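1. After the sequence you'll find the predicted model.
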Amino acid sequence: MAKAFLIDVARCNGCHNCQIACKDEHCGHAWLPYAQAQPEIGQFWMKVNEKERGQVPVVRVSYMPTLCAHCAGAPCAAACPSGAFQRRDDGLLLIDPETCTGCGSCVEACPIGAVYFNDELGIAQKCTGCAHLLDDGWKVPRCVDSCATGALQFGEEAELDLDGAVTLPGLEGAGARAYYRNLPKRFVAGCVYDADANDVLIGATVELLDAVGAVVAQVETDEFGDWEFDQIEPGAYTVVVRAEGYPEARVAADVTEKDLFTGDLGVRKA
């Protein structure tokens with residue numbers, strides 16, 4: 001049976017415990033024959049990528065724990081001319097530091113940049129899934145063990161709840177064994193206020209229409225007049241605001257490339 005990772009992005013709070021634990025385990029420690037020591041700088045076998053989204057005053061930061069997906073059909077292994085990639089019975093994919101010739105082909109072949117080159121040793125390196133710890137009786141790698149929010153899981157692929165989980169873009173068809181839940185899509189947000197009363201409009205109906213005019217989602221403005229649609233597909237939308245006694249108001253919301261705060265929308269009674 002193959003091991004796999006399951007990462008729930010919605011649970012990650014950016015504490016970087018997983019990234020630090022990986023460094024603590026592998027920097028200065030050559031766990032041969034599994035791997036040579038990870039350099040202190042330049043490599044992150046587990047890396048928490050951060051991305052700022054939206055515009056002031058609605059700004060978010062998304063955190064994305066990223067590691068080698070130990071793909072069943074790994075393009076990095078296919079690009080290796082020396083046969084340095086070794087597949088374990090548990091499905092983890094390792095680079096034999098003694099066999100690696102340092103050609104760098106695997107580094108270029110990885111679609112997500114999870115394979116690194118060690119200039120000092122002249123070899124390629126990446127996440128081992130802490131295979132040395134698993135063989136010593138550990139149930140999970142250090143990164144998973146250190147996760148305080150339960151964002152990281154590790155276990156038999158067949159036993160993990162992978163319903164709705166996906167792999168990272170670029171790894172389609174590679175048989176990636178790092179699955180993700182709640183990958184960030186797009187959000188659009190705004191505020192509605194009564195321009196005459198100079199006060200927020202509470203309980204207004206806000207609809208999100210797609211390119212053909214179909215209603216994708218609907219919410220009501222909260223006690224601050226704010227509204228938000230989250231986890232929507234990238235695309236061009238129209239936001240429609242309806243409130244009793246007010247004429248319908250519309251605003252364009254193109255979130256094809258990035259998340260959007262549409263601003264404060266003032267409406268006046270009919």
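-> Arrived safely, thanks for sending.

2. Going by C-alpha atoms from here, please, whenever you check contacts or count neighbours.
-> Will do.

3. ranges for the helices of the protein?
-> Using DSSP state H, the helices of the chain run over 17-26, 75-79, 105-109, 131-134, 142-146.

4. residue contacts, residue 72?
-> If you count contacts by Cα atoms under 8 Å, 6 or more residues apart in numbering, residue 72 has them with 91, 174, 175, 176, 177.

5. got it, and residue 217?
-> 207, 208, 209, 229.

6. how about a cut-off of 7 Å?
-> Taking Cα atoms under 7 Å, 6 or more residues apart in numbering, we find residue 217 in contact with 207, 208.

7. got it, and residue 242?
-> Each residue near residue 242 by Cα under 7 Å, 6+ apart is listed here: 204, 205, 206, 248, 249.

8. ok, of those, which come out buried?
-> Applying 16 or more other Cα atoms under 10 Å to those, the neighbour count classes 204, 206, 249 as buried.

9. Tell me the spatial nearest neighbour of residue 206, not counting adjacent residues.
-> residue 241 (4.6 Å; Cα to Cα, 6 or more residues apart in numbering).

10. Looks like that neighbour contacts residue 248 (just checking).
-> Yes. Counting by Cα atoms under 7 Å, residue 241 does reach residue 248; the two are 5.8 Å apart.

11. about what we covered before: any chance of the helices of the chain in a markdown table, plus distance to residue 2 and mean pLDDT?
-> Written out in a markdown table, the entries for the helices of the chain read as follows (distance: least, Cα to Cα, whole Å; pLDDT from 0 to 100):
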| stretch | distance to residue 2 | mean pLDDT |
| --- | --- | --- |
| helix 17-26 | 21 | 98 |
| helix 75-79 | 17 | 98 |
| helix 105-109 | 22 | 98 |
| helix 131-134 | 13 | 98 |
| helix 142-146 | 17 | 98 |
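
12. can you tell which of these is closest to residue 69?
-> Checking the helices of the chain against residue 69 by Cα to Cα gives helix 75-79 as the closest, at 11.0 Å.

13. Now do that closest one: which elements does it pack against?
-> For helix 75-79, the helices and strands in contact under the criterion 3 or more Cα pairs under 7 Å, 6 or more residues apart in numbering; DSSP states H and E are helix 105-109.

14. Let me see the residues that make contact with the helix it packs on.
-> 75, 76, 77, 79, 80, 115, 116, 117.

15. again, but for stretch 153-163
-> 1, 2, 3, 4, 5, 6, 7, 140, 144.

16. sorry, back to before: what is the nearest of the buried ones among the contacts of residue 242 to residue 236?
-> Nearest to residue 236 among the buried ones among the contacts of residue 242, with distances taken as Cα to Cα, is residue 206, at 16.2 Å.
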